Structures are given as C-alpha cells and as structure tokens.
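> let me see the structure of the following:
(one chain, ligands or ions: 1)
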Amino acid sequence: IDSQIPIKFRETWKKFVPKPFETKEEFQKIFINHVETTLARSLYNCDDAAAFEATALSARDKLISSWNKTQQKHSIRDPKRVYYLSLEFLMGRALDNALLNTETKGISEEGINDFGFRMEDVLDQEPDAALGNGGLGRLAACFMDSLTSTNQPGWGYGLRYQYGIFKQKIVDGYQVEQPDYWLTFNNPWEIPRKEISVDIMFYGYVRKYTDEVTGKQCKTWEGGDLIKAVAYDFPVPGYGTKNTNNLRLWSSVPTSEFDFQKFNDGDYESSVSEQQKAETITAVLYPNDNFYSGKELRLKQQYFWVTASLHDILRRFKKSKRPWKEFPDQVAIQLNDTHPTIAIVELQRILVDLEHLSWDEAWDIVTKTFGYTNHTVLPEALEKWPVDLFGNLLPRHLEIIYDINLFFLQKVEKLFPNDREMLSRVSVIEESNPRQVRMAYLAIIGSHKVNGVAELHSKLIQTSIFKDFVKIYGPDKFTNVTNGITPRRWLNQANPLLSKLISEKLGGYGFLTDLDKLTGLKKYAHDKEFQARWIEIKNANKRRLADLIKSQTGIEVNNEALFDIQVKRIHEYKRQQLNILGVVHRYLTLKAMSKEERSKQVPRVVIIGGKSAPGYYMAKVIIKLVTSVGAVVNNDEEIGDLLKVIFIEDYNVSKAEIITPASDISQHISTAGTEASGTSNMKFVLNGGLILGTVDGANVEITREIGEDNIFLFGHLAEDVEDLRHKHRYSQFEASPNLAKVFEVIESGMFGHPGIFTNLINSIRNDGDHYLVNDDFQSYLDAQDLIDKEFVDKDGWASKSINSVAGMGFFSSDRAILEYADSIWNIEALPVEES
Ligand code: OX2
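Numbers count the residues shown, from 1 in each chain. Model prediction:
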C-alpha cells in the first residue's frame, strides 16, 4: 500500500498525524480541543454531559489511531479472518472500558479533575448500548473484547437498532415497558460510514434464463423492493494490546429518498412513506430471550443484516484476487445461534447465481466457511419459518433451501436406506400445517462445526435435538466450547478494589490476560489478614449496592445481612418462581418463631432483577409476585432487617457491574437441562460470591473447577427430568408440605388478590409442573438452610470465596475465543507491534 504514494507526501503526512495521548497534559489538550471545536462549547457551559462526550471523543481518537494501524496491518498481511454474526451485542457502556483497556483511566481522571469534574459523574452520563436481550448478546460483547485482547483478526457484524431493549418500569408492582431510544444525544463511539452501503432486495420473483456464453440454464432473482444498508463502525479496544478491532452495525435507509412522482401529484405524505418503511427494519430490537415469535419483520432484519455483512466480506475477499476455492482459507463465519442461518443460503446463491460456480463447488465453499453455535434446547426458542412467508419474502432462497434439502436427504437415504422416518425427522422442511423451514437443521447441514456452550449442553444436543445428525455426520462435527466472560469488564472494571488486591498478591495485573494465574490465590485462602481484606472489599461492594437500592426503592438494607441475588431475564425455566416461593416459606418460618429464636437467624436481603418479554404473561405474574411479597415483608415490623425482598428495576449491564461484586450468594437454579450455560454464574463467582445452583449449564464445570465444597447444589438431575414430567402426566399432584403451606397463604390473599396468582400456582399444581418446582422445592429449602448455617462462619466463608475465585481461570472468554480460533476457525493471532 505504502509504495503507491510518493515518499514526500508520506513524510509530510507522518509529521502531522495525530499522536494518541500518553500524558495527562496531552489528554487535557485533546479534551479541551473537543469541547471548544467538536462540541462548540467552552469552560462556561461544559457540563457533565459535555465532559463525557469530550472524554469519550478523546478516548476514541486514541482507539482510532490503533484501529487504523490494525486494519492497515490486516490489509497488508491479509490473514484468515473470523466474522462473528450476531443479531445482538449487549455492549453496555464503553467509556470506562476503553480507558481501562488502554490503561489511560488514571491520567484522564486526573485530567478532568483539574477542570472540576468527577470521573464517576462523567461515566454516569453514558447510556448503555443495550442492543441485546440477555446472555446471548452479552456473550457476543465479551467475545468482541477477547477477540481484540488476544489479537485475533476478527470483526463483529450486527444491526444498529435505534431502540435497544426496552426500559423496565415497575408500576403498581407490574412491569411496564418504555422505549429505549439510546441515540438521543450524539454517540461518540460510532463512525458513520455512509459511503459503505449495500442495496438489499426483498420480495420479487425468480426468472430462468440461458447463459449466452455457456448455454447453461441459470436463475436470477429480480423485481423486488430495494432498501439500503449503511455501515456504522464501533472500535473495539483490547487490553494490553495495540490492536483495535471493528464492530460493524448496519442501519437501514431508503434507496430513493423520495417519490417525486407522488410529490408532484401533491401527495406529500405518501411520498415520504418509502423512507419510513425502510427505516423500520433496523428500528427496534425484538425483546424476546429464548423465544421465537415468527414475525416477518424479524426475518427481514435477519436477511438485511446477513446480506449486507456477506457483501462486505466478499468485497474484502475479492480485493485479494484469489480464486473462490480459497475463500474458506481466508474467511471463517460464526453463526451466533440460528438467527443468521440465511447466510448459508445467501452465500450459495451468490456463488451459483451471480458468480456462476457449479452447485457442488459452491456448496463445498459454503460448508467449509460456516460454524454454528447452538445456545438452547428449549423447543419454543427454535426458529421455524413458515414456508409461505419465507418464499414470499425470499423466493430464490426458498428454492435453494429445497435443493440443499434434496441433496441432503439423498445422502441420508443412502446411509440409512430403510429408515423412512429418519428422512422426515431430519428434513429441513417440517411437513406440518403450515409447513415450516427448520433453521437449526439448515445451520447444521451448512456448517462444518456445530457447538454447544457448556459441556452438559453440548452433550444434551447430541443426544436429544440433534441426535439424528450425529448419526448422519458422525460425532466429530459436534463439539463443545464452554462460554466465558471477560475479566476486564467483570473483574477489573466492575470490582476495582478486588482487582487491586489480587494484583498486589500476584505481582501485577497479568491475571487480566491470563486468568489461570488466579490459582496463585489458593495459598492465601486461610490467611487471616488476607481474609479480612477480602471481606472488607465484599462489604464495600455491598454498601455500593445498598446505595443503589436506597436510591431506587427508598429501602434501607442491612449490610451485615446475607445478600442473596438472582438477576437475569425472567423466565419460567430460570425459576424465579422457585426463589420467591422459597422467600414466602422463609417469611412464614420467621413469623412462626419466638422473638428469641428469631434473634438467632441470619438476616437476608433477597434481590431479584430482570426483564420479562413484553408478551410473556407468566413471567410478568412472577414479577408481580416478587413485588407483592416485598410489599408485605418489607413493611412487617416484626421481621425488620431479618428479611428484605428487593426487586431491582430495569436490570442492565451497567447495573450488573454494581450488583455482581456484591453477592454473598447468587442463584442459578434453572430446571436441570434447560439453561445451556449461563454466564452470570461465572461473573458472580469471579467476584467472590458463592452459588446456589442446580446441576445445569456451566454450573457443572464451575463445580469441577472450584471444588464441590464451594458451591451449594440441589435438585434433580437432567437425566431425571423426562421421567418426572412423564410421572406428572399420569399421577395426582402431591405438593411438598412446605410448598402446600406457601400456596395456602398466597391463596388466602396474604400478598394481595389471590386471583392474580392463580395461573402461576396452577402451572405447578394442575398443569404438569413442567419446570419441576414442586419436585425440587424441599431440596432447595434444605440448600438454603445449609447456606444460613455456613454463612455464620465468616472465616470459613471467606476461604470458600477465595478458593472459588482461585479456580475461575477457565472461565475467561479469552480461553473460549482461543478454543474457537484453534478448533473451529483455524485463525491465528496477528498483533500490531508497538511503533
Ligand atoms: C442464552 C442461553 O439461555 C444461556 O444459557 C447462555 O449462557 C447464553 O445464551 C450464551 O450462550 N437465547 N439466549 C440464550 O440462548 C438463546 C437462544
């Protein structure tokens, strides 16, 4: 690249190229420059919001300089790259992370202090980038951090929703949704690339023609509506590296701004309607977690995003002038769940219809390029698009799917000649009414590797939902990559006190890039002085959460109490209902005690937070039960500090950063076999909290890594679940005695009109108790009792906590990314050296 530009131009350019700030003074100069010129303000009207923007722009300048170097290096060396396709990136706030990752938080904090600003207030100005629902989106965000921090050449591709996940308000104890328009103010992190745009077609028809040169029969898709995708880039900083990767999010705009015909005819309103229609596509994130809702607009989002991204990837590949068969040597594409599965079909279409490769050549390239990550076995979350809806929106793609399916079924028939049932079981087209396209099957057929996200989950998919495919392809196509979390955000940023203490003991912050180093803490697990500092930090973090609770709810909680936290999306399978029914049991138990007995009990603060999908009735009832129990318990003077029940409104990433370091116990209590992995379990333990959990998802591996003495497990195992559900169907419900009492008081109206909770109770008592609340209830209470007993022994608890943190090295998302890089993507690190 260099050699094309005359040396004298290059030298003049280099002389003036902005240098990223290294000192406080350099930071201050850039900061003021942004306030005075970019923001057109001055010392006299620079408020916290302006200070945030100027600090962010200064940090961005630094990132862009390393971003440029990284992209330049990648262009020159042209390594194999990975593209992570995810409909969700739950990034949260970026400023603190950018300053910490570039190790400039200290100087910038001093820098703004000199102008009278406090870093805390400035950081608090930033809205969360909440472009995701829960674990799946947050995983993608952690992966972006780890891709850069481990110097992998990798980009993320997603959608730039104008509205992220809704804001949750609690009104009269119920969830109410409000739109999250996060772009009200300038977004200092995004770089609009209006010049990078792709026209995308929907609807239309398929036309057959004969190629004039080859005489071959060809097909082409034409005549549809066009919508334009424009790129917005977000630099992704890494820790301890000069690399900066890119997250490219697409936004939809109309191809022709205006219908002049209509305008001239005097129909002004509908002349702009095209514009509105186009902008709808990326307007809003679908607010469902682990639930498929089958809306056409969602399919449009998927195709829009996947096509724009593929177009971009192919453009980059074509620059290298390599032959098509080398595509999989240069490009790996990872499908984050089935949401981007149409990419498989779109790449096949481009190679066959537009590049005129043969079907087999094209299919070979496609299947070597894609990898598919499955995140759930829940049937209600598996995507199946009605054939008619699909064929109307994407007619050529449906034809290609039929062909992919035909060739696949022919292969299956050869392998299992006498098994007709197998054919209908594995067909991409489900012969139901209406007929549906099974996206997970398409993803498996079009990928070279399929992975689950924790060991138990990966085993389960191979023996349940994808069992037939293991027979067809053999076991090697299926693998496991256990999820991870970034220790930069979830330890260093969220818990600076603990991070500092650990760095003192381990001789520096090396653990942030090599989390296995935490094992070095083991030898301090019984060191009294270390334990005391460890406990003091936990208390400080509990006070920070107590302040948040006070400011949100007005309730003062006792810091000495055991903080028992369950924060995650509200879902029946995650069993917040088990938690709150357990709380009611605790309340009844306390009420039945004498004053003297009561004085011996361990005080508890039960903290529950999370959003329900707006249309998920039962989840909303669960929220109402939590807030109703809180309203009674929190105002019972006899109980006082012994029990408080707090619902945290609008749980999000930035609140998680305050909540996670403050737990004594956190709950991860899904019905065994339903939670694929969970990632907040990892975050809580990394911050020294213990877990109350079921034998599910990554809890299993956490137990193995930290030792079973350091975790409170309860409940039935995944292998029991099917039998229990079967039993429920054919025998009379028998409530566990403690649960029966809890139902009784709820039905007596203790927590408000019992009619509100009838359906929730019925789902357990009369409708088969699908999530085994009753079966696990007593075992749950027993585990809670044990926790109360053990919490009294402060030193014992501290040593469990220290030993747990020491064992968490495995759960770094760096480890997960390196596993993907090595066993699925076949890519290598490419660090940009210091210049
Ligand atoms: C979530 C899973 O429910 C959770 O167990 C997992 O930790 C997370 O993905 C990241 O892998 N939507 N969200 C998930 O799966 C789906 C589908």
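
> show me where pLDDT drops low in the stretch 501-650 of the chain?
Filtered on pLDDT under 70, the stretch 501-650 of the chain yields no residues whatsoever.

> can you show me the strands along it?
Here the stretch 501-650 of the chain has its strands, by DSSP state E, counting those that start in this stretch, at 562-567, 604-609, 643-648.

> after the top helix by length along the chain, next one along is what?
Counting by DSSP state H, the longest helix found in the chain is helix 48-77. Downstream of helix 48-77, the first helix or strand assigned by DSSP states H and E is strand 81-85.

> model confidence over that following strand, on average?
The average pLDDT for strand 81-85 rounds to 99.

> now do stretch 220-228
97.

> can you list contacts of it?
Outside of stretch 220-228, the residues within contact range by Cβ atoms under 8 Å, 6 or more residues apart in numbering are 197-207, 209, 252-255, 278, 281, 304, 349, 353, 395-396. From N, CA and C alone the C-beta is placed, and that goes for glycine too.

> out of these, which are buried?
Buried members of the contacts of stretch 220-228, scored by 16 or more other Cβ atoms under 10 Å, are 197-198, 200-202, 204, 206, 252-254, 278, 281, 304, 349, 353, 395-396.

> how confident was the prediction at residue 274?
71.

> now it, what's its secondary structure?
Assigned with DSSP: H, G, I helix; E, B strand; the rest coil, residue 274 falls in the helix class.

> for it, give its distance to residue 264.
Using Cβ to Cβ, to the nearest Å, one gets 15 Å for the distance from residue 274 to residue 264.

> and those two? Which one has more around it.
Comparing residue 274 with residue 264 by other Cβ atoms under 10 Å, the one with more neighbours is residue 274, at 19 against 9.

> which residue lies closest in space to that one, excluding its sequence neighbours?
Sequence neighbours aside, residue 254 is the residue nearest to residue 274 in space, at 5.0 Å (criterion: Cβ to Cβ, 6 or more residues apart in numbering).

> residue 402 now?
In space, residue 402 is closest to residue 429, 7.5 Å off (Cβ to Cβ, 6+ apart).

> pretty sure that neighbour contacts residue 435?
Yes: here residue 429 reaches residue 435: they are 5.8 Å apart, a contact under Cβ atoms under 8 Å.

> joint contacts of those two?
Each of residue 387 lies in contact with both residue 429 and residue 435 under the rule Cβ under 8 Å, 6+ apart.

> which of these two has more neighbours?
Comparing residue 429 with residue 435 by other Cβ under 10 Å, the one with more neighbours is residue 429, at 19 against 14.

> contact residues of the protein facing the ligand?
Contact residues (Cβ under 6 Å from any ligand atom) of the chain with the ligand: 134-136, 139, 289-290, 337, 375-376, 381, 453, 483, 675-679, 697.

> circling back to that earlier point, show the pLDDT at the residue nearest to residue 402.
Reported pLDDT for residue 429: 98.

> go through the buried ones among the contacts of stretch 220-228 and flag which are in strands.
Among these, the residues falling in strands (DSSP state E) are 197, 198, 200, 201, 202, 206, 252, 253, 254.

> need these in TSV with pLDDT, can you?
Converted to TSV, those look like this (pLDDT from 0 to 100):
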residue	pLDDT
197	97
198	98
200	98
201	98
202	97
206	98
252	97
253	94
254	89
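
> now for these, which pair is the farthest apart?
Longest distance between any two of those is 26.7 Å, between 206 and 253; criterion Cβ to Cβ.

> and the protein, what are its domains?
Domain ranges of the chain: 78-93+128-480, 487-820, per automatic domain parsing.

> straight-line length of the last one, end to end?
Domain 487-820 stretches 18 Å from its first residue to its last (Cα to Cα, to the nearest Å).

> how far is that domain from where the chain is centred?
Distance of domain 487-820 from the chain centroid (Cα atoms, centre = their mean, to the nearest Å) equals 20 Å.

> circling back: can you redo the strands of the stretch 501-650 of the chain as a markdown table with distance to residue 88 and mean neighbour count?
Listed next are the strands of the stretch 501-650 of the chain as a markdown table, based on distance: least, Cβ to Cβ, whole Å; neighbours: other Cβ atoms under 10 Å:
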| stretch | distance to residue 88 | mean neighbour count |
| --- | --- | --- |
| strand 562-567 | 18 | 24 |
| strand 604-609 | 19 | 25 |
| strand 643-648 | 21 | 24 |
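
> wait, which of these is closest to residue 755?
strand 643-648 (20.9 Å).

> now do the helices in the stretch 501-650 of the chain.
For the stretch 501-650 of the chain, the helices defined by DSSP state H, counting those that start in this stretch cover 528-553, 576-591, 595-598, 617-633.

> can you put those in JSON lines and add mean neighbour count?
Output for those, formatted as JSON lines (neighbours: other Cβ atoms under 10 Å):
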{"stretch": "helix 528-553", "mean neighbour count": "17"}
{"stretch": "helix 576-591", "mean neighbour count": "22"}
{"stretch": "helix 595-598", "mean neighbour count": "10"}
{"stretch": "helix 617-633", "mean neighbour count": "21"}
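
> switch the ones you listed over to TSV; also include distance to residue 368.
Compiled in TSV, the helices of the stretch 501-650 of the chain are given as follows (distance: least, Cβ to Cβ, whole Å):
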stretch	distance to residue 368
helix 528-553	47
helix 576-591	43
helix 595-598	66
helix 617-633	41
